[in-house]
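Undergrad: Next one to model:
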Amino acid sequence: MSQKRPQGYISPLPVRARISRAQPRGLPLINMSFNEVPFGPSPEVAAAIDDATRKANFYGNPTCQALREEIGARNGLNPETIVCGNGSEELLDVIARNFVRAGDEIVISEFGYIQFAIIANRLDAELTKVPEKDYTTDVDGLLAAIGPKTRLVFLANPNNPTATMLPERELVRLADQMPSDVVLVIDLAYGEFTGFDYCAQIHGLANRFENVIVTRTFSKAYGLAGLRVGWCHAPEWMIPALYAARGMGSVNAVAQAAALASLCEPELVQARIDQILSERGRVAAELTALGVSCLPSQTNFMLITLGDNDPDRAEALVMHLFDDAGIIVNRTREKGLERYVRFSLSLPEHNSLLVQSVERFLNQ
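TA: Numbers count the residues shown, from 1 in each chain. Below is the predicted model:
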């Protein structure tokens, strides 16, 4: 009998190492590495979650009907142009599987969201990364990179991991000048931190252009990262095919209930966003005063460097924050960003602890 193993078609990608040892001082861990917000569910959202779990023997609505209607009402969108998914991550994959096959090309910005590269790898698509200007997407570069094999342009705006963003006029220019048979996906995972008016302007592109899709998530500003629910707004002609590629009932009933409840608390969501933005300004000012270089952020996280172009020193800072304060931050190891460290803005006391620990590191 043959001893050959089955042949897989997806090439493995390297897995980022995480700190796995115990905190040496027995300090409680503060995870500031995943771009999460530090706020738990409100009493109303918690009650919706609790009620949904008591009905866990039933499936959630397969098309998220009530949730899509509320999203549409809150954002001035036709619910029939909205598809919900198991986080926006599922929807990015669904979109790519609709428009890209092996050998086709996906174009992204140089430091674009890592999920874009993962999707290209799954599909055996060619991935073209376009150099950035000042760690910000270069629209002219994207337009020049689009060629006959290009099927899809992925653009996270604001971007992860750089936290930079393009103004609305640049996105309009990109959509207006790129070929109409190439799909442009604008991922607004952090859009709420730039303002809901800005998000509305970007959704206007999906209303205007037949090849533009906007993706959103409840994982960031709405604080539901653990429940995995996102949505996309696409031209109506795309919707049936997106459903065909999406998992049946991929948004579970608890996630639907929590997202629906969170939409009914816009004042609370805005207050939490405002606190994050206030802390972002404070932390940036305090780190800058210590001589730390901070990229200008339009998100709930920051990318910082000690300014010496030394990846080993960035790694030393990561380990120091863990050993000294129990803080977990992100190693940013994309080529060209090795000297940077990324962390989420958290509660004021956590942010202050991080700044103090950075100061101790610099004074060693």
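Undergrad: how about the residue nearest to residue 326 when sequence neighbours are not counted, secondary structure?
TA: Among residues not flanking residue 326 along the chain, residue 27 sits closest, at 3.5 Å (Cβ to Cβ, 6 or more residues apart in numbering). The way it works is simple: take the backbone N, C-alpha and C, and place the C-beta from them, glycine included. Reducing the assignment at residue 27 to three states with DSSP: H, G, I helix; E, B strand; the rest coil gives coil.
Undergrad: any idea how far residue 27 is from residue 322?
TA: 9 Å (Cβ to Cβ, to the nearest Å).
Undergrad: Likewise for residue 35?
TA: Counting by Cβ to Cβ, the gap from residue 35 to residue 322 is 18 Å.
Undergrad: what sits against residue 261?
TA: For residue 261, the contact set (Cβ atoms under 8 Å, 6 or more residues apart in numbering) comprises 42, 44, 45, 47, 48, 49.
Undergrad: Could you tell me the per-residue confidence at the last one?
TA: Reading off the per-residue confidence, residue 49 sits at a pLDDT of 98.
Undergrad: from memory it sits against residue 40, does it?
TA: No. Counting by Cβ atoms under 8 Å, residue 49 stays clear of residue 40, with 10.7 Å between them.
Undergrad: These two: who's more crowded?
TA: Per other Cβ atoms under 10 Å, whichever of residue 49 and residue 40 has more neighbours is residue 49, with 18 against 8.
Undergrad: Now do the contacts for that one.
TA: Residue 49 neighbours (Cβ under 8 Å, 6+ apart): 41, 227, 254, 257, 258, 261.
Undergrad: Residue 27 and residue 322: which has the busier surroundings?
TA: residue 322 (20 against 14).
Undergrad: thinking again about what came up before, for the residue nearest to residue 326, phi and psi?
TA: Dihedral angles of residue 27 (phi, psi; degrees, to the nearest 10) stand at phi -80, psi 150.
Undergrad: How much space separates it from residue 321?
TA: 11 Å.
Undergrad: Repeat that for residue 117.
TA: Separation of residue 117 from residue 321 (Cβ to Cβ) stands at 27 Å.
Undergrad: who's more crowded, the two?
TA: Ranked by neighbour count (other Cβ under 10 Å), residue 117 and residue 321 place residue 321 first, with 24 against 17.
Undergrad: my read: that one touches residue 330, true?
TA: No. Applying Cβ under 8 Å, one finds residue 321 not in contact with residue 330, separated by 10.8 Å.
Undergrad: I figured residue 152 hits residue 181, correct?
TA: No. Under the criterion of Cβ under 8 Å, residue 152 is not in contact with residue 181, lying 10.8 Å apart.
Undergrad: which of these two has more neighbours?
TA: Ranked by neighbour count (other Cβ under 10 Å), residue 152 and residue 181 place residue 152 first, with 26 against 10.
Undergrad: Strands of the stretch 101-250 of the chain, start to end?
TA: Assigned by DSSP state E, counting those that start in this stretch, the strands in the stretch 101-250 of the chain fall at 105-109, 126-130, 150-156, 183-187, 212-217, 230-233.
Undergrad: Name the single longest helix found in the protein.
TA: If you go by DSSP state H, the chain has its longest helix at helix 266-289.
Undergrad: so where do the helices sit in the protein?
TA: Under DSSP H, the chain gives helices at 43-53, 65-75, 87-99, 114-123, 139-145, 168-177, 196-208, 239-245, 253-263, 266-289, 311-325, 348-363.
Undergrad: For residue 122, the count of nearby residues, please.
TA: Using other Cβ under 10 Å as the criterion, residue 122 is surrounded by 16 other residues.
Undergrad: Quick check: it vs residue 105, distance?
TA: Distance from residue 122 to residue 105, by Cβ to Cβ: 15 Å.
Undergrad: What does the pLDDT read for residue 364?
TA: 88.
Undergrad: Contact partners for it?
TA: Taking Cβ under 8 Å, 6+ apart as the definition, residue 364 has no contacts.
Undergrad: The helix or strand bottoming out on mean pLDDT in the chain pairs with which strands?
TA: Counting by mean pLDDT, DSSP states H and E, the chain has its least confident helix or strand at strand 330-331, which shows a mean of 90. Paired neighbours of strand 330-331 in the sheet (DSSP bridges): strand 340-344 (antiparallel).
Undergrad: tell me, how many neighbours does the closest residue to residue 227 other than its chain neighbours end up with?
TA: Leaving aside its sequence neighbours, residue 227 sits nearest to residue 255 (Cβ to Cβ, 6+ apart; 4.1 Å). Around residue 255 there are 25 other residues, counting by other Cβ under 10 Å.
Undergrad: Could you do residue 168 as well?
TA: 17.
Undergrad: same thing with residue 24?
TA: 10.
Undergrad: Could I get the pLDDT score of the closest residue to it other than its chain neighbours?
TA: Nearest residue to residue 24, sequence neighbours excluded (Cβ to Cβ, 6+ apart): residue 323, at 5.5 Å. At residue 323, the predicted lDDT confidence score is 97.
Undergrad: Could I get the contacting residues of residue 323?
TA: Contacts of residue 323 (Cβ under 8 Å, 6+ apart): 23, 24, 25.
Undergrad: Which single one of those residues is nearest to residue 68?
TA: Among the contacts of residue 323, residue 23 lies closest to residue 68 (Cβ to Cβ), at 43.2 Å.
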